[in-house]
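A.B. asks: what follows is a predicted protein model with its sequence.
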Amino acid sequence: MSVAVKLLVMFLVFAGAAITIFLAVAYSTHLPVSEQHDVQQRGYAIRGRWFLALVLFLIASFAISIPFYPYMSAPAALAPARKVPVIAEQYAFIMASHLPVDKPIIFEVTSRDVNHDFGIYNPRGHLIAQVQAMPDYTNYLRVIFHKPGQYTARCLEYCGIGHAIMAKTFTVGGKQ
C-alpha cells in the first residue's frame with residue numbers, strides 16, 4: 001500500500017470520527033435539559049479524559065518517531081573530521097576547491113566584512129546545509145558529502161549590491 005493511500009485511509013478514519021462526534025453533539029441537543037451542576041461535572045470528566053488521551057497520543061507519537069530522528073546517525077558523524085576554513089567577503093567565498101566524498105568535513109565559517117550566510121547546494125540544486133558567516137566569529141558546520149559532483153556555496157543573506165553573484169563552486173570526490 002503506497003504512502004498516499006495510507007494517508008487517505010488515515011484521513012478518512014479521522015474525518016469519520018470527527019463527523020460521528022459532530023452528529024453525537026447535534027443529537028444530544030434533543031435530550032431533556034439538565035441542571036448546570038450536572039452538566040459541569042460531566043464536562044470536567046470528559047475534559048479530563050480527553051486531556052489524558054491527548055497526552056498518551058503525544059507520548060506514543062514521540063516514541064514512534066524517535067527512530068526517524070537524525071541523531072541516531074550521530075556516532076558516524078562524530079568520526080574525526082577534516083577542517084575546512086571558509087572566509088566570506090563581499091562577494092566571494094575563500095575555501096578549498098576539492099573535498100573528499102564520504103568523509104566528515106567541518107567547515108569553519110567566518111566573515112571579513114558583513115554578515116553573510118554560507119549555504120551549500122548539491123549538484124541537483126537542493127540546499128543541504130547552511131550556517132551564518134559573521135565578522136569576528138567562527139561558526140562550525142559538519143557535513144558528510146555522500147555523492148561526488150559539483151557543489152555550490154551561495155550567500156543566503158543580502159550582503160550588498162553583488163549579493164546575487166556571491167557563489168563558489170567546489171568539487172566533491174576525485175582529485176583532493
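C.D. replies: Cool, got the structure.
A.B. asks: so what's the residue count around Val13?
C.D. replies: 10 (other CB atoms under 10 Å). Where C-beta positions appear, they are placed from N, C-alpha and C, glycine not excepted.
A.B. asks: check Tyr44 too.
C.D. replies: Tyr44 has 10 nearby residues by other CB under 10 Å.
A.B. asks: now do the SS call for it.
C.D. replies: helix (DSSP: H, G, I helix; E, B strand; the rest coil).
A.B. asks: mean confidence for stretch 137-150?
C.D. replies: The pLDDT scores in stretch 137-150 average 93.
A.B. asks: how long is it from one end to the other?
C.D. replies: 28 Å (CA to CA, to the nearest Å).
A.B. asks: quick one: that stretch to chain centroid distance?
C.D. replies: Offset of stretch 137-150 from its chain centre (CA atoms, centre = their mean, to the nearest Å): 17 Å.
A.B. asks: what strand or helix carries Val86?
C.D. replies: Take DSSP states H and E as the rule and Val86 turns out to sit in strand 82-89.
A.B. asks: helices or strands up against whichever helix or strand comes after that strand?
C.D. replies: Counting by DSSP H and E, the next helix or strand C-terminal to strand 82-89 is strand 92-94. Secondary-structure packing of strand 92-94 (3 or more CB pairs under 8 Å, 6 or more residues apart in numbering; DSSP states H and E): strand 82-89, strand 167-172.
A.B. asks: now those strands in a markdown table, with mean neighbour count and distance to Lys103?
C.D. replies: Shown next, in a markdown table, are the helices and strands packed on strand 92-94 (neighbours: other CB atoms under 10 Å; distance: least, CB to CB, whole Å):
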| stretch | mean neighbour count | distance to Lys103 |
| --- | --- | --- |
| strand 82-89 | 17 | 6 |
| strand 167-172 | 17 | 10 |
